[in-house]
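K.L.:
structural data only, the sequence is not supplied:
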């Protein structure tokens, strides 16, 4: 994803016992809090932090990618649209 941060909610819904509506609302609340928190952050030159947020719902696949520097990745249209 480059210089961005991605969060996923509801991947393990059986553990949480939450319904789909609660999972989506948690993701949106998290995104809103990130936007609010970014308002108080400046780069070394005094410029405000730029933040882009995308939220989408849908199925994803996951896997470990890489041989030397392994990463846990999510794949699918929901990931692409949100990014």
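P.N.:
Received it, and whenever you're ready, just let me know what you need. Quick caveat: nothing in here was measured; it's all calculated off a predicted structure.

K.L.:
now find how far off-centre stretch 61-69 is within its chain.
P.N.:
Distance of stretch 61-69 from its chain centroid, counting by C-alpha atoms, centre = their mean, to the nearest Å, is 18 Å.

K.L.:
can you give me the end-to-end span of that stretch?
P.N.:
For stretch 61-69, the first and last residues are 20 Å from each other (C-alpha to C-alpha, to the nearest Å).

K.L.:
okay but residue 48 is in contact with residue 35, surely?
P.N.:
No - in this structure, residue 48 is not within contact of residue 35 by C-beta atoms under 8 Å, at 11.6 Å. In this view, the C-beta of every residue, glycine as well, is placed from N, C-alpha and C.

K.L.:
give the buried residues for the longest helix belonging to the chain.
P.N.:
Using DSSP state H to define each element, the chain has its longest helix at helix 20-38. Of the residues in helix 20-38, 23-24, 27, 31 count as buried by neighbour count, 16 or more other C-beta atoms under 10 Å.

K.L.:
relative to residue 57, which of those residues is nearest.
P.N.:
Distance to residue 57, by C-beta to C-beta, is smallest for residue 24 among those, at 5.9 Å.

K.L.:
per-residue pLDDT of the closest one, please?
P.N.:
Listed pLDDT for residue 24 reads 83.

K.L.:
tell me which residues are up against stretch 67-83.
P.N.:
Applying C-beta atoms under 8 Å, 6 or more residues apart in numbering, the external contacts of stretch 67-83 come out as 1, 4, 6, 8, 54-65.

K.L.:
all good on my end, thank you.
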